[in-house]
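Undergrad: I'd like to go over a predicted model; first the sequence, then the structure.
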Amino acid sequence: MGSNAALIILGGIALFAVLIAFYCIAVYNGLVSLRNRYENAFSQIDVQLKRRYDLIPNLVETAKGYLKHERETLEAVIAARNAAYKAEQVAAQNPGDPNAMRGLASAEGALGGALSRLMVVAEAYPDLKANQNMMMLQEELTSTENKVAFARQGYNDSVTKYNTSRETFPAVLFAGALGFREAQLFEVESEKERQAPQVKF
């Protein structure tokens with residue numbers, strides 16, 4: 001009777017260990033799935049940002065002929081675009097990395113500010129406002145800005161789900177040890193930067 005009781009206890013312990021192992025595997029797989037979702041969501045931002053980065057030189061080139069005395073403004077837009085492009089490449093290599101995402105948010109804020117300044121300056125040039133190419137670029141840029149905002153919301157939602165899952169019990173016990181670091185939201189840094197650049201004349 002003693003050996004049967006010992007076998008039952010050992011069997012119970014083994015069953016409990018197997019259940020714990022399966023539960024841990026399920027939590028691990030869930031975290032992997034959520035991490036993949038936010039990385040995929042970032043790739044949607046990536047596509048839209050690259051489209052915007054491609055539009056900006058065309059916008060500046062079109063404006064250049066009209067804004068001959070605004071060279072500093074045009075150069076500031078291109079410099080901000082190049083800085084944002086570099087920050088986006090860093091973030092694309094490791095979506096969710098706090099430093100990369102903060103760098104991207106900061107660079108995007110600076111680019112938004114430079115674009116806004118360009119649009120304010122362009123207001124004083126009626127011929128530029130009437131230029132068909134400029135109007136088309138404005139429309140494309142506005143559409144892209146809206147897509148960036150939508151993609152950023154999707155990314156932030158995915159990051160929030162991932163972070164919530166990794167911070168809840170029991171995942172919190174081993175998430176860090178298994179390499180599941182906290183992911184950073186893609187947030188703009190100031191109230192002014194929260195507003196998309198106005199590209200209407």
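TA: Arrived safely.
Undergrad: contact partners of stretch 159-172?
TA: 23, 27, 30-31, 34-35, 37-38, 41, 96, 175, 180, 182-186 (C-beta atoms under 8 Å, 6 or more residues apart in numbering). The C-beta positions use only the backbone N, C-alpha and C, and glycine is treated the same way.
Undergrad: Is it possible to mark the buried ones in these?
TA: Of the members of those, the ones counted as buried by neighbours, 16 or more other C-beta atoms under 10 Å, are 27, 31, 34-35, 37-38, 41, 96, 175, 180, 183-186.
Undergrad: Which of those residues fall within helices?
TA: Using DSSP state H, 27, 31, 34-35, 37-38, 41 are the members of the buried ones among the contacts of stretch 159-172 that sit in helices.
Undergrad: Output the lowest mean pLDDT helix or strand found in the chain.
TA: Least confident helix or strand of the chain, by mean pLDDT, DSSP states H and E, is helix 126-130 with a mean of 82.
Undergrad: Not counting its own residues, what contacts that one?
TA: 62-63, 66-67, 122-123, 134-135, 201.
Undergrad: Which of the residues you listed scores worst on pLDDT?
TA: Lowest pLDDT among the contacts of helix 126-130: residue 201, with 40.
Undergrad: follow-up on the earlier one: how far does the least confident helix or strand of the chain sit from the chain's center?
TA: Mean C-alpha position of helix 126-130 versus that of the full chain (C-alpha atoms, centre = their mean, to the nearest Å) differs by 34 Å.
Undergrad: Helix or strand next in line after it, which one?
TA: helix 132-167 (DSSP states H and E).
Undergrad: returning to that earlier point: which among the contacts of helix 126-130 end up buried?
TA: Of the contacts of helix 126-130, these count as buried by 16+ other C-beta under 10 Å: 62-63, 66-67, 122, 134.
Undergrad: what angle separates the helix or strand hosting residue 103 from helix 132-167?
TA: Residue 103 is part of helix 98-122 when elements are defined by DSSP H and E. On the basis of axes from the mean of the first three to the mean of the last three C-alpha atoms, to 10 degrees, helix 98-122 is oriented at 160 degrees to helix 132-167.
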